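Peer 1: I would like the atomic coordinates for the input below:
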Amino acid sequence: MYYSRAKLLSVLGVCLLGLLFCLPNFIRQPSPSLPWRQIHLGLDLRGGSYLLMQVDLKTLAHDRLQTLSDSLRQALLKENLGYRNVRIDDTHDVITFAPRDPSEHDRDMKTLNDMPRVTPNEFSIESRPDGTIALTLSADAMKVRAREAVSQSIEVVRRRIDATGAVDPQITRQGDDRIVVELPGISDPEHIKKLLGTTARLTFRLIDDGGASGVAPPGSTMLEDVESPGQKLAVRDHIDVDGVNLTNAGVTEDPETGGWAVSFSLDSVGSRAFGDVTRTNVGRRFAIVLDNKVVEAPVIRGPITGGNGQITGRFDEQSATDLALLLRAGALPAPLSVVEERTIGPSLGADSIRAGMLSLAAGFVFVIIFMALFYGRFGWYANVALLANLVLMTALLSLFGATLTLPGMAGMLLTLGMAVDANILINERIREEVVRGRTALAAMQAGFERATSTIIDSNATAFLAHVMLFVFGTGPVRGFALTITIGIVTTLFTTLLLSKMLMVRWYALIRPATLPV
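Peer 2: From the prediction side, this is the model:
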């Protein structure tokens, strides 16, 4: 029951710090250099846009099959082994081919088994009765790639949205192949939808001269030529330089046409590959392919070893800026499609704020009246602790830059109810000890001691439950769980330290013979 000066100052200091961190939510930032952490309003309170996007796993599987097909060809040619009729079956995730000569069958099988794998069981190889060899992607390996693709997509989406200047976006995973994007304050998401729906996969490949007849030769694909609408070019499937080696991209002006262009630079690996392919293919056309469309296909005039280049085309300022942004943010591993879209108006958000604040204020006032009527002076001390609890909860949410949603406001009100429960336990235990005939000091000490373990146990179980909600929940559920979790911590502090300190200091000053319970 003894509070040293240091303990007293510590409790008061925490309360004052809480008040200080709470202030940025109610007053303007006096100076840009001053750290100013605030609670951010969620989509349901501020209004904005909600997008549910799905990763195209079929395209992801096709791209991996295409890469394996390239690797297969290179591995066989490296061992002086030929192949015929390489085919990709997207329906069953299978690549099939026929050996050049039946006598090479066993060597083909050994070469393919020695091919590097991303995971130990990424693909299996089998020999079919018709003499062909099949390479089949493993379903388990594709699940791993799908999870990685969704995680990578979330990071790319976050970088793209951050570059647009959107404030407080919420980007979370939903299920195995979906991403939820919440954009508070943005009522027209069309521009952002366009940015997120663009894969921005940039590759550099050679034009196949054998495709002049309009039919793609083996190992090539007919792709649309952006500069000549309606026409297609035969582009080799083998990627000579990949956009993953891009280090920077920016908007510039084309000195020849005066139009807009996008300049880019490559890292050391990309620069070396770019130099090698331009050195050995002088006089041939080199296609710049963006999302399976040929943006430009210039003729290689000489080796390009600097690792810098420029993409020209029919760009205006906005489209050039968007393309540079997409290239800097990185390519999506697979296309994203919008599955669900909702727009919440700011007026609806304002109504939600008013309703939430009204319920919070009404609940707080009723709790204060209840405690004052039932427990008198000790009830008022509990009310002071409740007010400090609300301030500390707001301060911690501000410090973490948390996003407050309508369920989060409900969590704050529920926390106040839980805090009242703790104070009721203490006051009822003290009242019971007084009825048993204990002295005032002994009743207070016994009441606190016997109620403390019950309070800690009940709050510990609630804390664990809400931590699990936060870990496994999504969206509003996580906001609710975060608010309750922080509220449990502040409840234990204000109940077991602050309200107890107020009651003890009052007893030390007054020394009453009886307690006002």
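Peer 1: Kindly report the domain assignment for the chain.
Peer 2: Segmentation of the chain into domains, based on automatic domain parsing, reads 5-44+347-510, 57-142, 198-342.
Peer 1: how far does the shortest one sit from the chain's center?
Peer 2: Its chain's C-alpha centre lies 35 Å from the corresponding centre of domain 57-142 when counted by CA atoms, centre = their mean, to the nearest Å.
Peer 1: so Gly131, which of the three states?
Peer 2: coil (DSSP: H, G, I helix; E, B strand; the rest coil).
Peer 1: residues contacting it?
Peer 2: Listed by CB atoms under 8 Å, 6 or more residues apart in numbering, the contact set of Gly131 reads 98-99, 102, 105. Yep, even glycine has a C-beta here, placed from its N, CA and C like the rest.
Peer 1: ok, the one helix or strand Leu206 maps to: who's next to it in the sheet?
Peer 2: Following DSSP states H and E, one finds Leu206 within strand 202-206. If you go by DSSP bridges, strand 202-206 pairs up with strand 241-242 (antiparallel), strand 286-290 (antiparallel).
Peer 1: now the ones you listed as a markdown table including distance to Thr280?
Peer 2: Formatted as a markdown table, the strands paired with strand 202-206 follow (distance: least, CB to CB, whole Å):
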| stretch | distance to Thr280 |
| --- | --- |
| strand 241-242 | 13 |
| strand 286-290 | 11 |
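Peer 1: Tell me where the stretch 251-400 of the chain has strands.
Peer 2: 260-266, 286-290, 293-296, 308-312, 336-344 (DSSP state E, counting those that start in this stretch).
Peer 1: Which among the ones you listed is found nearest to Pro129?
Peer 2: Closest approach to Pro129 among the strands of the stretch 251-400 of the chain (CB to CB): strand 286-290, 38.5 Å.
Peer 1: got the angle for that closest one vs strand 308-312?
Peer 2: Strand 286-290 runs at 70 degrees relative to strand 308-312, counting by axes from the mean of the first three to the mean of the last three CA atoms, to 10 degrees.
Peer 1: returning to what we had before: so which of the contacts of Gly131 sit within strands?
Peer 2: If you go by DSSP state E, those have 98-99 in strands.
Peer 1: where does the closest residue to Arg158 other than its chain neighbours land in three-state SS?
Peer 2: Using CB to CB, 6 or more residues apart in numbering and skipping the chain neighbours, the partner closest in space to Arg158 is Ile171 (5.3 Å). Secondary structure, three-state DSSP: Ile171 is strand.
Peer 1: any idea how far Arg328 is from Asp351?
Peer 2: 39 Å (CB to CB, to the nearest Å).
Peer 1: which one of these two has more residues nearby?
Peer 2: Taking neighbours as other CB atoms under 10 Å, Arg328 and Asp351 compare with Arg328 leading, 17 against 12.
Peer 1: can you give me the helices in the chain?
Peer 2: Along the chain, the stretches classed as helices by DSSP state H are 5-22, 43-46, 57-78, 105-113, 139-164, 190-197, 268-280, 317-329, 346-399, 406-435, 440-472, 476-493, 500-510.
Peer 1: out of those, which comes closest to Met222?
Peer 2: Once these are compared by CB to CB, helix 57-78 is nearest, at 14.8 Å.
Peer 1: how big is the angle separating the closest one from helix 139-164?
Peer 2: Going by the same axes, to 10 degrees, helix 57-78 makes 110 degrees with helix 139-164.
Peer 1: angle of helix 57-78 against helix 105-113?
Peer 2: 130 degrees.
Peer 1: Mind giving me the packing neighbours of helix 57-78?
Peer 2: strand 83-89, strand 94-99, helix 105-113, strand 133-137, helix 139-164 (3 or more CB pairs under 8 Å, 6 or more residues apart in numbering; DSSP states H and E).
Peer 1: Can you list the neighbours in contact with the fourth one?
Peer 2: Read that as strand 133-137. Contacts for strand 133-137 (CB under 8 Å, 6+ apart): 61, 64-65, 68, 72, 92-99, 105, 108-109, 112, 122-128.
Peer 1: same thing but 6 Å
Peer 2: Strand 133-137 is touched from outside by 93-96, 108, 123-128, with contacts defined as CB atoms under 6 Å, 6 or more residues apart in numbering.
Peer 1: Over to the third one?
Peer 2: The contact list for helix 105-113 (CB under 6 Å, 6+ apart) reads 75, 79, 81, 99, 125, 133.
Peer 1: With pLDDT, neighbour count and distance to Val295 as extra columns, can I get those in CSV?
Peer 2: CSV is the format used below for the contacts of helix 105-113 (pLDDT from 0 to 100; neighbours: other CB atoms under 10 Å; distance: CB to CB, whole Å):
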residue, pLDDT, neighbour count, distance to Val295
Ala75, 88, 16, 31
Glu79, 88, 12, 36
Leu81, 88, 18, 36
Pro99, 90, 21, 38
Ile125, 89, 17, 37
Ile133, 91, 19, 36
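Peer 1: Closest to Ala385 out of these?
Peer 2: Of all the contacts of helix 105-113, Ala385 sits closest to Ile125, with 69.7 Å by CB to CB.
Peer 1: how many neighbours does the closest residue to that closest one other than its chain neighbours have?
Peer 2: Nearest residue to Ile125, sequence neighbours excluded (CB to CB, 6+ apart): Leu112, at 5.0 Å. Look at Leu112: counted by other CB under 10 Å, it has 20 neighbours.
Peer 1: So Leu112 versus Gly487, what's the distance?
Peer 2: 59 Å.
Peer 1: try Asp90
Peer 2: Asp90 is 51 Å from Gly487, by CB to CB.
Peer 1: related to what we said a few turns ago, biggest separation within the contacts of strand 133-137, which pair?
Peer 2: Asp93 and Asp108, at 20.0 Å, using CB to CB across the contacts of strand 133-137.
Peer 1: Name the residue in these two with the higher neighbour count.
Peer 2: Asp108 (24 against 21).
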